[in-house]
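Novice: Pasting a predicted model and its sequence here:
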Amino acid sequence: MDLVHRFQRYMQETLDISVDDNVLLAVSGGRDSMLMTHLFLRSGYSCIIAHCNFHLRGRDADLDEQLVREFAEQHNVPCFVRHFQTNDYAQEYGLSTQMAARELRYAWFEELRIQQNTQWVAIAQHQDDHIETVLLNLTRGTGLQGLQGILPKRGKIIRPLLFLSSAEITACIQQLQIPFRDDQSNFSTKYARNKVRLEIMPKFREISPEFDTIMQENIVHFQEAHDLLQSFIFPIRAELFVTEGNLIRISKLKLQPYLHRLPLLFELFKPYGFSKNILADVQANWYSESGKIFHASHYELLLDRDDLWLKVKVDEFYPHNTLEIPDDSSVFSFGGKLFEGSIVEDTAIRPSENVLQVDFDRLKFPLRLRFWEEGDYFYPIGMGGKRKKLSDYFVQKKIGRYEKQTIPILINGNGDIVWIVDYRADNRYRITKSTKKVFTLVCK
C-alpha cells in the first residue's frame, strides 16, 4: 500500500475524518509538517495553512516563514502567519520559552480554526514523538494515563502522522523531493525531549533492535488497561458530577461511600488535576466548617455544607482574564463562549438575553471582555436609570459565589460596563431615536 493510501486509511479508519472536512494544518516548515501538508493536498482535503514565527531563531525563523508562504502560494492554499514576541511573553508570565510558544500557538490555532470555519487542527507528530512522550511521562509520574502517549485525536486536535516513523518520514521527503527546513534547536540536548530522542532511545535500540515495535505494542496495552479502568469510573462520575451552568455539583451524601477509598477518589477527580495529597486533604476536612477551597492547576473545589462545587479557574477561560475587541472583530472566543460581532444600520430592537444591541456611536474602541471585579457597577436597562453594584445584581439574580466569577463582562473603552453577558445591558448605551448605527454582539 503506497503512502497516500496509508494516510487516507488512517484518516478515515483511525481518526474518522471525512474528506469533506476543512482542516487547519499547523506547518512549521520542517520535514514532518511539510510531508503532512503534501499528503492532505494529494488526498483532496480542503485545507488552510497556519505558520507561527516565534522570533526565536533570527533569520532562520524568517526563512522558515518564507518557505511556508512560497509552498502555500505554489499550491494555491490559504496561508496565515502570526508573529509572536515569545521571549517577552515568557518573561511577562513566568513561563519557559517552550511553554510560552506552546500556549501562544495553540491559542491562536483555536482562534483561527473558529474564524476560518475549519473542523480540525492537524499537528504533524509521528511514532517517534509518541514513544518519546511515554518515556518522558515515566520520569514525570503521570501514571497510566501518561503511558498512553500521544492520542491520535483529542478535541479538535488531530495527529495524522502517528502511523509513520521518523525514518519513514525522512525517506518519503527525499523520495518525493518535498522542500523543508531543519530547526537546528531539534539537535540540541539542552531540551529533555531532544535528550530522549538523541541519547536515550538509541541506547534502547542497541539493547533491543525491536524496541520501537515493542514500545508501540506496550502503548496499546497501556491504552487498553486505561480504557478498562475508565469503563468502571465513567458511570460513577456521570452519576456524581452534575453540571449546573459553569459549575459542577457533587453531592456529599452520594460521594460519601467512596470518600475513604483514596485511589478511587483520585480516579474520579483525575480529569480535573487534583493530586492524591489534595484529595487526602479533602478527606481530612470533610466534616469541618464549610467554605474551604482546594486548588489544582486549572480547577478549584469548594467544600460546602451539602455539596462540593467544582469550577475551572477564571484565568483558564482566557489566559490573562481580559480580551481586547477592536471595531473590526467578527468572531472570537472568551470565557468558554463564542462571540460574533457586527455593525448594522437596522435599529430595530430584538430582545434576547444572549444578544447585545447598543448605540455604536457611544462606544469607544477597543472594547474589552473581562470578569467581575470588586466595586463594579452599572445602570441596568429597565431599572429607571438607577446605578447598581454588580455584586448586588448577582445576589438579586441568585447567582452564586463561583458562577459570578465566570460571567464575561463587556467594558467600553472609557471603562463603563456595557453588558453583563447573557443577563443585562447598560441603560447608557441603549438604542434611541437618534441612533444611526447599532453594534450587535451575539453570545453563542
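Specialist: Sure thing, it's come through. Residues are numbered from 1 along each chain as shown.
Novice: ok, and the closest non-adjacent residue to M11?
Specialist: I17 (4.8 Å; CB to CB, 6 or more residues apart in numbering). Yep, even glycine has a C-beta here, placed from its N, CA and C like the rest.
Novice: looking at this, L228 is in a helix?
Specialist: Yes - with DSSP: H, G, I helix; E, B strand; the rest coil as the criterion, L228 is located in a helix.
Novice: where does the stretch 301-444 of the chain have low pLDDT?
Specialist: By pLDDT under 70, the low-scoring segments of the stretch 301-444 of the chain are 314-320, 328-330, 401-402.
Novice: and the nearest residue to A296 once chain neighbours are set aside, what does it touch?
Specialist: Distance criterion CB to CB, 6+ apart; nearest residue to A296, sequence neighbours excluded, is G273 at 3.8 Å. The neighbours of G273, taking CB atoms under 8 Å, 6 or more residues apart in numbering as the test, are 296-299.
Novice: circling back to that earlier point, got a pLDDT number for the residue nearest to M11?
Specialist: With respect to pLDDT, I17 has a value of 93.
Novice: Kindly report the same for the one 10 residues further on.
Specialist: For V27, the pLDDT comes out at 96.
Novice: so H55 touches D64, yeah?
Specialist: No - using CB atoms under 8 Å, H55 is not in contact with D64; the gap is 11.1 Å.
Novice: thinking again about what came up before, mind checking how far the residue nearest to A296 is from E132?
Specialist: Using CB to CB, to the nearest Å, one gets 23 Å for the distance from G273 to E132.
Novice: Same question for Y93.
Specialist: 26 Å.
Novice: Please identify which of the two sits among more neighbours.
Specialist: E132 (24 against 12; other CB atoms under 10 Å).
Novice: mind listing what the closest residue to that one other than its chain neighbours touches?
Specialist: Of all residues not flanking E132 in the chain, V196 sits nearest, at 5.0 Å (CB to CB, 6+ apart). By CB under 8 Å, 6+ apart, the residues touching V196 are 132, 135-136.
Novice: List the ones among the residues you listed that fall in helices.
Specialist: Among those, the ones falling in helices (DSSP state H) are 132, 135-136.
Novice: could I get those residues as TSV with distance to D183 and pLDDT?
Specialist: Output for those, formatted as TSV (distance: CB to CB, whole Å; pLDDT from 0 to 100):
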residue	distance to D183	pLDDT
E132	16	86
L135	21	85
L136	19	83
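Novice: With distance to N117 as extra columns, can I get the residues you listed in JSON lines?
Specialist: Putting the ones in helices among the contacts of V196 into JSON lines (distance: CB to CB, whole Å) gives the following:
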{"residue": "E132", "distance to N117": "34"}
{"residue": "L135", "distance to N117": "38"}
{"residue": "L136", "distance to N117": "35"}
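Novice: Closest one to C172 out of these, please.
Specialist: The closest of these to C172 turns out to be E132 (CB to CB; 20.0 Å).
Novice: Pull up the gap between that closest one and L138, please.
Specialist: From E132 to L138 the distance is 11 Å (CB to CB).
Novice: Who are the contact partners of the closest residue to K276 other than its chain neighbours?
Specialist: Sequence neighbours aside, F266 is the residue nearest to K276 in space, at 5.2 Å (criterion: CB to CB, 6+ apart). Counting by CB under 8 Å, 6+ apart, F266 touches 274-276, 279.
Novice: what's the span of stretch 341-359, first residue to last?
Specialist: One end of stretch 341-359 sits 13 Å from the other (CA to CA, to the nearest Å).
Novice: so how far is that stretch from its chain's centroid?
Specialist: Centroid displacement of stretch 341-359 relative to its chain, using CA atoms, centre = their mean, to the nearest Å, is 30 Å.
Novice: and that stretch, which residues are buried?
Specialist: 341, 355-359 (16 or more other CB atoms under 10 Å).
Novice: repeat for stretch 432-444
Specialist: Buried positions in stretch 432-444, judged by neighbour count with 16+ other CB under 10 Å: 435, 438-441, 443.
Novice: Next: stretch 396-411.
Specialist: So stretch 396-411, judged by 16+ other CB under 10 Å, has buried residues 399-400, 402-411.
Novice: Name the nearest of the residues you listed relative to Q216.
Specialist: Nearest to Q216 among the buried residues of stretch 396-411, with distances taken as CB to CB, is T406, at 41.5 Å.
Novice: Between the two ends of stretch 371-391, what distance do you get?
Specialist: 12 Å.
Novice: Need the residues that contact it.
Specialist: 314, 317, 321, 335, 393-394, 404-409, 416-417, 420, 424-428, 430.
Novice: Ok, stretch 65-84 next?
Specialist: Identification of contacts with stretch 65-84 by CB under 8 Å, 6+ apart yields 27-29, 34, 37, 41, 47-55, 101, 104-105, 108, 112, 116, 179-181.
Novice: returning to what we had before: host element of the residue nearest to K276?
Specialist: helix 262-269 (DSSP states H and E).
Novice: helix or strand right after that helix?
Specialist: helix 276-284.
Novice: now that following helix against helix 262-269, angle please.
Specialist: 100 degrees (axes from the mean of the first three to the mean of the last three CA atoms, to 10 degrees).
Novice: what packs against helix 276-284?
Specialist: Counting contacts by 3 or more CB pairs under 8 Å, 6 or more residues apart in numbering; DSSP states H and E, helix 276-284 packs against helix 262-269, strand 292-295.
Novice: Could you measure from V282 over to H260?
Specialist: 11 Å.
Novice: if we can go back for a sec, most neighbours per residue, which of the helices and strands packed on helix 276-284?
Specialist: Comparing the helices and strands packed on helix 276-284 by mean neighbour count (mean count of other CB atoms under 10 Å), helix 262-269 comes out on top with a mean of 17.
Novice: Please save the CA atoms from that helix in CSV.
Specialist: Output in CSV follows, covering the C-alpha atoms of helix 262-269 (Å, rounded to 0.1, in the frame of the first residue of the first chain):
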residue,chain,number,x,y,z
LEU,A,262,-8.3,7.3,48.0
PRO,A,263,-7.3,5.5,44.8
LEU,A,264,-10.9,5.6,43.6
LEU,A,265,-11.4,9.2,44.7
PHE,A,266,-8.2,10.1,42.8
GLU,A,267,-9.6,8.4,39.6
LEU,A,268,-12.9,10.3,39.9
PHE,A,269,-11.2,13.7,40.2
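Novice: Please state the offset of it from the chain centre?
Specialist: Distance of helix 262-269 from the chain centroid (CA atoms, centre = their mean) equals 25 Å.
Novice: go on, stretch 334-341?
Specialist: On CA atoms, centre = their mean, the centre of stretch 334-341 falls 14 Å from the chain's centre.
Novice: Now that stretch: buried residues?
Specialist: 334-335, 337, 339, 341.
Novice: re the thing from before, mind picking the two most distant members of the contacts of F266?
Specialist: Longest span within the contacts of F266, CB to CB: F274 and K276, 8.3 Å.
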